[in-house]
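> Have a look at this fold, sequence not included:
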């Protein structure tokens, strides 16, 4: 209180008899604390001012907690309404991240999802404060074992709050190293559950709001928010799965129709093509070495062989191979396929990176057909790299991995062929498995390779799918370990 305020205070006291206001007191050590000051006018032999000061630190803390609770509950209510009304789940997630990040006073809010196989995680949505760097590009397909301490807590449905990254214990060294490399000083991580199973997490970086995030009353709204986002993601996944299945059905119907047509066309073309090839070879043998006809006949032979190759692909596309299902090691099939194309890769200066698990179970499959699928994917990867890097380049690498994944509670084996060639445009991605669709010149591609490969994998009860971006293009072959295909020996009348 300043001396010049005494006169004004006396006037108020004469009129009201008391005065209450809030201020700040200073302790002997120099620290300050909030107080509520009460002044009463007491009339005895003369007027006296009786002053009391009450420490209101706890009351202010409770008021802030109540205000915070109302604020986060308002965010939860707004988010819930937004998800119910919005068709664009992604936009609603972005808005929710922005609202909570503002509440937490965070510089970055990220939604990270675990992949279908449960082995890697990627940042799929993000909000950044002005000047904060985005992690969307660098937090992609990171292995789960890169953050063991944090992941163990999240699996136990715990919220992880690290107020000071520099003070993290040694057993959290992996997380500490990554966070410090990214310049993150503090972090708050909320588990994201779908059907009570960890599907990912929401991460807030550089949280500056002073709260005890471990207290139950603080956690409930955040968990509720995460549950809402989890339900929205589950809904989006269900919609995507339905669309995928509908697309597969349409695609299969298209394949069956085209297969019937292709079989008839191939048989009709095969006989005249064989005759043309035979006559061209006779002409080539009968005429002299210097004859112009010999050159023409040679060209006819070359083009006829090319057409014959197309006819062979058509027949392969239209009918099932007679090869039997038998137990086979997928890594062994990968190695066998590489021996067939290794010389071509060396000529094109293409390196191959292998990550093949040696403890994988065998799968009942048609080995030759799976080899055909791999050969097609490797050839396409080679073409993509040669287009982007005509000569030697350190990025001219094809990475092949093979490992276990879990899909819908069942054991699968995923084989991935990755290259760093040009990305597949979104408008092309939706058609790459269509018969006769190709972006290659007609003398290079027929548009049947991926369509045939898709059919082969589907016949094995598996799935062939692709993803492509600026960083890499990946084709995945997912085969179920228990796929219902049984090995058998040759039947009577068949040759083993």
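Structure's in. What do you need? Bear in mind the structure is a predicted one, so any value in this text is a computation, not a measurement.
> Let me know whether residue 423 touches residue 473 as I believe.
Yes. In this structure, residue 423 is within contact of residue 473 by Cβ atoms under 8 Å, at 6.2 Å. C-beta coordinates here come from the backbone N, C-alpha and C atoms, glycine included.
> ok, the two, which is more surrounded?
The neighbour comparison of residue 423 against residue 473 (other Cβ atoms under 10 Å) goes to residue 473, with 21 against 17.
> Just the buried residues of stretch 376-392, please?
Using 16 or more other Cβ atoms under 10 Å as the test for burial, stretch 376-392 gives 376, 377, 378, 380, 381, 382, 383, 384, 385, 389.
> Which ones among those residues map onto helices?
Those of the buried residues of stretch 376-392 mapping onto helices are 376, 377, 378, 380, 381, 382, 383, 384, 385, per DSSP state H.
> In three-state terms, label residue 479 for me.
Following DSSP: H, G, I helix; E, B strand; the rest coil, residue 479 is assigned to strand.
> Now for this structure, the helix or strand with the poorest mean pLDDT.
None of the helices or strands of the chain scores lower by mean pLDDT, DSSP states H and E than helix 6-16, at a mean of 72.
> shaky segments in the stretch 301-450 of the chain?
Residue ranges of the stretch 301-450 of the chain with pLDDT under 70: 312-323, 441-447.
> Let me see the ranges of the helices in it.
330-347, 367-388, 426-429, 449-459 (DSSP state H, counting those that start in this stretch).
> got the contact list for the first one?
It refers to helix 330-347. Helix 330-347 is contacted from outside by 351-352, 354, 356-358, 360, 363, 367, 370-371, 374-375, 378-379, 382, 398, 400, 402, 413, 415, 479, using Cβ atoms under 8 Å, 6 or more residues apart in numbering.
> Show me the domain layout of the chain.
By the assignment in automatic domain parsing, the chain contains the domains 3-55, 61-238, 323-496.
> picking that back up, how about the buried residues of stretch 376-392 in CSV, adding distance to residue 271?
Formatted as CSV, the buried residues of stretch 376-392 follow (distance: Cβ to Cβ, whole Å):
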residue, distance to residue 271
376, 28
377, 33
378, 34
380, 32
381, 36
382, 34
383, 32
384, 37
385, 40
389, 44
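> Test my guess that residue 103 contacts residue 71.
Yes. Between residue 103 and residue 71 there is a contact under Cβ under 8 Å: 6.0 Å.
> Looking at those two, which has the bigger crowd around it?
Neighbour tally, residue 103 and residue 71, criterion other Cβ under 10 Å: the higher count belongs to residue 103, 19 against 14.
> In a helix, that one, correct?
Yes. Residue 103 sits within a helix when classified using three-state DSSP.
> Report the buried members of the contacts of helix 330-347.
Looks like the contacts of helix 330-347 have 356, 360, 363, 367, 370-371, 374-375, 378, 382, 398, 400, 402, 413, 415, 479 buried, using 16+ other Cβ under 10 Å.
> hang on, the earlier thing: redo the domains of the chain as TSV? Include distance to residue 275.
As requested, those are exported to TSV (distance: least, Cβ to Cβ, whole Å):
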stretch	distance to residue 275
domain 3-55	101
domain 61-238	52
domain 323-496	22
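> Relative to residue 302, which of those domains is closest?
Residue 302 sits nearest to domain 323-496 of all the domains of the chain, at 10.6 Å, using Cβ to Cβ.
> Need the contact partners of stretch 415-433.
251, 330, 334, 374, 377-378, 381, 383-385, 387-389, 395-402, 437, 439, 450-451, 454, 464, 466, 468-477, 479.
> Which parts of it count as buried, going by neighbours?
In stretch 415-433, counting by 16+ other Cβ under 10 Å, buried: 415, 416, 417, 418, 419, 420, 421, 423, 424, 432, 433.
> Kindly provide the distance from the residue nearest the centre of the chain to residue 463.
Residue closest to the average C-alpha location in the chain (Cα atoms, centre = their mean): residue 122, at 4.9 Å. Using Cβ to Cβ, to the nearest Å, residue 122 is found at 19 Å from residue 463.
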